[in-house]
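S.K.: Sequence and predicted structure are below.
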Amino acid sequence: MTIFRFALLRGTRNPLTLLCTYILPIVLILVRPLWTDGGVGFGGISGGFSLLTIVTMSSAYLMSLSILTDKADGAIIRILAAPITMRRYLTENLAACAMPLLVQMVIVSTLGRILYSWSLTLSIAVFLCYTVLTIASVTMAFAWHCLFKKVEGNVVGFPLILFLTAFLGGLTFPVEAFPGPLQYAGVIFPAYWAVRGLSAVLETGAMNGAFWLGIAAMLLFSIAYLLYGGKRRII
């Protein structure tokens, strides 16, 4: 069994993971008040996009817990003792964590166009933005796991990171409402750039420079997180 298949199976055994990854994204896109003009708004974008961002980050974390498990029980050392490189281990785990979420983003983008008459530009922008956010969220989870040797501290600490991301990243309030330098505190979180990118598309109806800046920033964060989660940190 390849690392990819094994990681995919382990990531879907947890009922909470199944709920966040396979059910909640579809449920959210079907709740019309979250996506219409009169819906609840967070951070300058509709409540549906904000909640979908939080669900995406939570799903990425839950799907990637197998890496922490491998680290905690010493399995990573045995895996790397075989003819398997750290690059292959991380790449296949990344693919296993991200693939289910990417499938959901295809469904969400398609249903948004059918149910809410999203333009083709908006549908493509949503898919691209959440695809890159998924990759950034998974790699951020990898980096987060590298900070802990035990599962308990990791699980307790991550909700705090999720709260800070939602608050400072502009998912709960527009960052323009924050005083002074606090407006830029969220730049260290990929969700901040996802909100900026989607807001630009929703305001202008085009994938302009602000949108692509958000995409580029999330990709750069993904690279940084992967570099941090290298061999020495994981072991």
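M.R.: Structure received.
S.K.: going forward, measure contacts between C-alpha atoms and count neighbours the same way
M.R.: Noted.
S.K.: In the protein, what helix or strand scores lowest on average pLDDT?
M.R.: strand 41-42 (a mean of 46; mean pLDDT, DSSP states H and E).
S.K.: So which elements touch the helix or strand where Leu162 lies?
M.R.: Assigned by DSSP states H and E, Leu162 belongs to helix 151-168. If contacts are counted by 3 or more CA pairs under 8 Å, 6 or more residues apart in numbering; DSSP states H and E, helix 151-168 sits against helix 47-63, helix 65-72, helix 190-204.
S.K.: in the longest helix anywhere in the chain, what counts as buried?
M.R.: Longest helix in the chain, counting residues (DSSP state H): helix 86-116. In terms of neighbour count (16 or more other CA atoms under 10 Å), helix 86-116 has its buried residues at 86, 89-90, 92-98, 100-102, 104-106, 108-113.
S.K.: Report all helices and strands that it contacts.
M.R.: Where contact means 3+ CA pairs under 8 Å, 6+ apart, helix 86-116 is packed against helix 3-11, helix 24-30, helix 47-63, helix 120-145.
S.K.: one more time with 10 Å, if that's ok
M.R.: Using 3 or more CA pairs under 10 Å, 6 or more residues apart in numbering; DSSP states H and E, the elements in contact with helix 86-116 are helix 3-11, helix 24-30, helix 47-63, helix 65-72, helix 75-81, helix 120-145, helix 209-228, helix 231-234.
S.K.: Tell me the pLDDT of the nearest residue to Ser64 once chain neighbours are set aside.
M.R.: Leaving aside its chain neighbours, Ser64 sits nearest to Cys97 (6.0 Å; criterion: CA to CA, 6 or more residues apart in numbering). You'll see Cys97 listed with a pLDDT of 83.
S.K.: try Ser59
M.R.: 88.
S.K.: wait, isn't it in contact with Met99?
M.R.: No - assessed by CA atoms under 10 Å, Ser59 is found out of contact with Met99, at 11.4 Å.
S.K.: so what sits against both of those two?
M.R.: Contact criterion CA atoms under 10 Å, 6 or more residues apart in numbering; residues shared by Ser59 and Met99: Thr134.
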